[in-house]
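J.: Please work out how this folds:
(chains A and B)
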Protein chains: 2
Amino acid sequence: MASSLAGANVAILGATGAVGRELIAVLRERAPDLGTLTCYASARGGKRTLEVDGQEVTVLPYARDAITPGTLVFMAVSGDFSRSEAPALVEQGAVVIDNSSAFRYEPEVPLVVPEVNAEAIGDARLIANPNCTTAILVPALSALHKEFGLKRVIVSTYQAASGAGAAGIEELREGAAKELAGEPLPAEAFVHPLAFNVIPHIDSFQENGYTREEMKVVWEGRKILGLPELPMSCTAVRVPTLRAHAEAVTVETDRPCSAEEARRLLAQAEGVVVVDEALANRYPMPLTATGKDPVEVGRIRQSLVFGENGIDFFLVGDQLRKGAALNAVQVAEVVASRGALARAA
Amino acid sequence: MASSLAGANVAILGATGAVGRELIAVLRERAPDLGTLTCYASARGGKRTLEVDGQEVTVLPYARDAITPGTLVFMAVSGDFSRSEAPALVEQGAVVIDNSSAFRYEPEVPLVVPEVNAEAIGDARLIANPNCTTAILVPALSALHKEFGLKRVIVSTYQAASGAGAAGIEELREGAAKELAGEPLPAEAFVHPLAFNVIPHIDSFQENGYTREEMKVVWEGRKILGLPELPMSCTAVRVPTLRAHAEAVTVETDRPCSAEEARRLLAQAEGVVVVDEALANRYPMPLTATGKDPVEVGRIRQSLVFGENGIDFFLVGDQLRKGAALNAVQVAEVVASRGALARAA
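T.: Prediction:
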């Protein structure tokens, strides 16, 4: 069967980063019948090839003119670069899915997690991909909201080194080796050494004392769920894991919500897999969620604070998959299935 | 100046474990003028000496009869062992400070964090030392409660390998080395490999879906704070750090509580040091809190969920210090300063 991206011309900007590489891997899996896949990146040390899962990929220097009308462009680059290039690319007929935060808070730019708000895409030609922590959180929240109504959401995160890209992963591995050898630890990708440490600081501090990462979860969660006033808070913490983010979540609901009902509901939710067999020692973990498409949700239990109107749960999602590349490709699939690429070309 | 334990005869049961060794180190620091310090442990491989910070310590096989009246006994052993030995030791004139959970929930046994409820000790001769996660949490909660009244408390933990003792620390280091070498990881001290992973499972699962570790925080927090009905919840997660526990805490208060007031209050609280200079990248971390007596508290900010009646904060405390050995020694200091040891002898 043809994939929904069959025949599409696709470009990746920032192909050599952690998200760019994952985009290549996800597209190979889900859309082996693409028309063309062209990878762009700035040359680092002049290297013009890239290996992804043992296959070589050619990487070109980016040139805006090379992007033809109807091309689907994934941007896995800095917010500044997205801000300067995306509008021009849309102008010349491309459809852009941007992984940076540059456009996420623009009211006219849809911010999309397809399991939750695919309808927001409409006929937009610039779509923002959410922050990783938000992307893995909202499928479960949305399912709970539809049935019970969300009143309050409190999140504490356990975020992997991959959130700082390939350099973050490398620094964690190097730091762990140095700690074991009794040598001083590196701290360039992160503000402090991450190996055998946790750092309650991701992205810059805001005036209200929250970090931008924490506020992203609030701002983006509200926008994707369509609940602009939802009382929601987050503590975002970097932990020494490689590429899956975990989150401890407490929700208060408008209507009574038993742990059993929540479990049944989440088991049917799209993009979620319930892993919740305490007696078999099965619950969400980076160890098991890494490389997996659906977000693992478990430890579902009645809240001791909100009683029958609340539950606590724990979730883990692959930061580079659902947290970035997979979600972007899912957005692209919706765009393509609506014929938007063909219309543009 | 003489320490409050000057001249006291002290025994440590379980001296070779992570907590036992830390007890020796803390006593050397705080009470260099002890009368006698006798260390007991079951022989592992027949070894009868122990090195703590470069100094050799003799370890004897435990014999109840050797404990004389008026001896201060620290028990850093299993709950089963405590349950069978502590009453007999008290019976023969010892004062016992027990680090296990065996007696914590007995209404007549004081469960004490001296900064919070030293008065609960009274003339008890068996005192329970709380769970590590609770011990580092309640000094801050108590300070907030006195001023603003606690209405709800929600905690997510980031707990170090040391919670599983010396074997836990060793397994994490070994696991990290094996992961870096591409070899299979050990999982004996923990249910799953801990290196580069997080495990939302500490102690056994209860009928309500919470783990016993999570319920310990609730049960013990309520008892120490003297708030038996306090709505309180916890998600307890093991993370790959060595010996300091971190906690993300959200509190709702009865009366309005600004982040500034909370910060001022916590800066004056006993057993707490406020580390909260966002712009200098200073906040609580295992890296900085390890080996330190006071609990680091920071990331203090107005709650986005409870508004002016709530704050979020983050704390890190050394699991073996305030989480175990230091708290036990502080309890002993209160006992000794009240003359209870002399009266018993």
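
J.: Contacts only, for A:Leu320.
T.: Contact analysis of A:Leu320 by C-beta atoms under 8 Å, 6 or more residues apart in numbering or on different chains lists A:18-19, A:22, A:132, A:162, A:243. From N, CA and C alone the C-beta is placed, and that goes for glycine too.

J.: cool, A:Trp219 as well?
T.: So A:Trp219 contacts A:104-105 (C-beta under 8 Å, 6+ apart).

J.: Pull up the gap between it and B:Phe313, please.
T.: According to C-beta to C-beta, to the nearest Å, A:Trp219 stands 22 Å off from B:Phe313.

J.: cool, and A:Val218?
T.: A:Val218 is 17 Å from B:Phe313, by C-beta to C-beta.

J.: Same check on A:Val138?
T.: A:Val138 is 26 Å from B:Phe313, by C-beta to C-beta.

J.: again, but for A:Phe306
T.: Between A:Phe306 and B:Phe313 the computed distance is 20 Å (C-beta to C-beta).

J.: In terms of packing, which of these two has more residues around it?
T.: A count of neighbours by other C-beta atoms under 10 Å in any protein chain shown puts B:Phe313 above the other of A:Phe306 and B:Phe313, at 28 against 21.

J.: For A:Leu144, which three-state class applies?
T.: Put simply, A:Leu144 is helix when judged by DSSP: H, G, I helix; E, B strand; the rest coil.

J.: Let me see the contact set for it.
T.: By C-beta under 8 Å, 6+ apart, the residues touching A:Leu144 are A:150, A:251, A:253, A:257, A:262, A:265-266, A:311.

J.: Weed out the non-buried ones from those residues.
T.: A:150, A:251, A:253, A:257, A:262, A:265-266, A:311 (16 or more other C-beta atoms under 10 Å in any protein chain shown).

J.: secondary structure class for A:Ala328?
T.: Going by three-state DSSP: A:Ala328 is helix.

J.: Give me the neighbour count for it.
T.: For A:Ala328, using other C-beta under 10 Å, the count is 27.

J.: list the contacts for it?
T.: A:23, A:74, A:97, A:99, A:129.

J.: where exactly do the strands run in the stretch 101-250 of chain A?
T.: Taking DSSP state E, counting those that start in this stretch to define them, one finds strands in the stretch 101-250 of chain A at A:126-128, A:150-158, A:232-235, A:244-253.

J.: ok, back up a step: now tabulate the buried ones among the contacts of A:Leu144 in JSON lines and tack on distance to chain B and pLDDT.
T.: Converted to JSON lines, the buried ones among the contacts of A:Leu144 look like this (distance: C-beta to the nearest C-beta, whole Å; pLDDT from 0 to 100):
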{"residue": "A:Leu150", "distance to chain B": "11", "pLDDT": "98"}
{"residue": "A:Val251", "distance to chain B": "11", "pLDDT": "98"}
{"residue": "A:Thr253", "distance to chain B": "14", "pLDDT": "98"}
{"residue": "A:Cys257", "distance to chain B": "14", "pLDDT": "96"}
{"residue": "A:Ala262", "distance to chain B": "11", "pLDDT": "98"}
{"residue": "A:Leu265", "distance to chain B": "16", "pLDDT": "97"}
{"residue": "A:Leu266", "distance to chain B": "14", "pLDDT": "98"}
{"residue": "A:Ile311", "distance to chain B": "9", "pLDDT": "98"}
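
J.: Of these, just say which sits nearest to B:Lys146.
T.: A:Val251 (29.8 Å; C-beta to C-beta).

J.: which residues does that closest one bridge with?
T.: In this entry, A:Val251 is beta-bridged to A:Val153, A:Ile311, by DSSP bridges.

J.: what do you get for A:Val10?
T.: The partner residues for A:Val10, given DSSP bridges, come to A:Leu37, A:Leu72.

J.: That one contacts A:Leu72, correct?
T.: Yes: applying C-beta atoms under 8 Å, one finds A:Val10 in contact with A:Leu72, separated by 4.9 Å.

J.: Mind listing the shared neighbours of the two?
T.: A:Ala332.

J.: Between these two, point out the one with more neighbours.
T.: A:Leu72 (27 against 23).

J.: what about the closest residue to chain B within the stretch 51-200 of chain A, how many neighbours?
T.: Closest residue of the stretch 51-200 of chain A to chain B, C-beta to the nearest C-beta: A:Ser156 (3.6 Å). Other residues near A:Ser156 come to 30 when the count uses other C-beta under 10 Å.

J.: One more: A:Ala88?
T.: With other C-beta under 10 Å as criterion, A:Ala88 counts 12.

J.: So it, which state does it fall into?
T.: helix.

J.: pLDDT score for the closest residue to it other than its chain neighbours?
T.: Leaving aside its chain neighbours, A:Ala88 sits nearest to A:Arg64 (6.1 Å; criterion: C-beta to C-beta, 6 or more residues apart in numbering or on different chains). pLDDT, A:Arg64: 95.

J.: swap in the one 3 residues further on?
T.: Here the pLDDT value assigned to A:Ile67 is 96.

J.: check contacts around it.
T.: A:11, A:73, A:89, A:92, A:94.

J.: repeat for A:Val26
T.: A:321, A:325-326, A:329.

J.: Adding pLDDT and neighbour count, write those residues out as TSV.
T.: Below are the contacts of A:Val26 laid out as TSV (pLDDT from 0 to 100; neighbours: other C-beta atoms under 10 Å in any protein chain shown):
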residue	pLDDT	neighbour count
A:Arg321	96	26
A:Ala325	97	27
A:Leu326	98	24
A:Val329	98	25
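
J.: List just the nearest of these to B:Leu34.
T.: Using C-beta to C-beta, these come closest to B:Leu34 at A:Arg321, 57.3 Å.

J.: Now the closest one: phi and psi?
T.: phi -90, psi -90 (degrees, to the nearest 10).

J.: Next, give phi and psi for the nearest residue to it once chain neighbours are set aside.
T.: Using C-beta to C-beta, 6+ apart and skipping residues adjacent in sequence, the residue nearest A:Arg321 is A:Asp293, 5.9 Å away. Phi and psi for A:Asp293, reported as degrees, to the nearest 10, are phi -70, psi -60.

J.: now swap in A:Ala332 and tell me
T.: According to degrees, to the nearest 10, A:Ala332 has phi -60, psi -40.

J.: Can you get me a residue count around it?
T.: Neighbour number of A:Ala332 under other C-beta under 10 Å is 29.

J.: Likewise for A:Ser204?
T.: 10.

J.: residues touching it, list them.
T.: A:Ser204 makes contact with A:211-212 under the criterion C-beta under 8 Å, 6+ apart.

J.: Could you check how far it is from A:Lys178?
T.: 27 Å.

J.: confidence score at A:Ala340?
T.: Confidence score, pLDDT, at A:Ala340: 75.

J.: Give me the neighbour count for it.
T.: Neighbour tally, A:Ala340, other C-beta under 10 Å: 20.

J.: Isn't it up against A:Leu126?
T.: No: counting by C-beta under 8 Å, A:Ala340 stays clear of A:Leu126, with 11.6 Å between them.

J.: which SSE is A:Arg264 in?
T.: helix A:259-268 (DSSP states H and E).

J.: Pull up the pairing partners for whichever helix or strand comes after that helix, direction included.
T.: Counting by DSSP H and E, the element after helix A:259-268 in chain order, helix or strand, is strand A:272-274. Partners of strand A:272-274 in the sheet, by DSSP bridges, are strand A:295-303 (parallel).
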